[in-house]
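Undergrad: Can you look at this prediction? I've put the sequence above it.
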Amino acid sequence: MPTIEETLIKVKDDVLELDEEWAFVKKKINKRWLWLALSRVTRQVVAYFIGDRSEESCKNLEKRIPERYKETFKFSDLWDAYNAVFPENHLSVDKTSGETCHVERFNNTIRQRLARYTRKTLAFSKSDYWHDLVTHIFIIHYNLSLRI
């Protein structure tokens, strides 16, 4: 299986949109946050991390962003962790600004295509391992489908 970086289309002058969305494992009190970095130009997922909603999880997302995207300008919502982890080349904006509309749309796509990300469902992850694996496979498939 290819890595996320191997699925990416190489482009110049890209912008990243950052966001997070929650799902759960076993019970709704066991929330897992999917942190995303999405390319505005290609609409591909550049990096992701599944964890809690802490600054540490945001740091793990930052570590997974490929080197060629490190200096790319980034937009995120107003969650404080983004400002702490991305002090440069980053702007936190209100959702009504439209600067994060592509990553918000991807959040909707993943909820539509992966039942385990739907909030009211009987289809949920029963372990962290399977939650991460299914998410990873979906993102790989999604990125590759945009290469066509």
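TA: All right, it came through fine.
Undergrad: so what's the closest residue to Glu21 other than its chain neighbours up against?
TA: Leaving aside its sequence neighbours, Glu21 sits nearest to Asn107 (Cβ to Cβ, 6 or more residues apart in numbering; 4.6 Å). Every residue, glycine included, has its C-beta placed from N, CA and C. By Cβ atoms under 8 Å, 6 or more residues apart in numbering, Asn107 lies in contact with Asp19, Glu21, Leu36.
Undergrad: Buried ones in the host helix or strand of Asn107, by neighbour count?
TA: For Asn107, the host element (DSSP states H and E) is helix 101-113. Residues of helix 101-113 classed as buried: His102, Val103, Glu104, Phe106, Asn107, Ile110, Arg111 (neighbour count, 16 or more other Cβ atoms under 10 Å).
Undergrad: got a markdown table for the residues you listed, with pLDDT and distance to Asn143 too?
TA: Formatted as a markdown table, these follow (pLDDT from 0 to 100; distance: Cβ to Cβ, whole Å):
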| residue | pLDDT | distance to Asn143 |
| --- | --- | --- |
| His102 | 96 | 14 |
| Val103 | 96 | 14 |
| Glu104 | 94 | 18 |
| Phe106 | 95 | 11 |
| Asn107 | 92 | 16 |
| Ile110 | 91 | 13 |
| Arg111 | 86 | 18 |
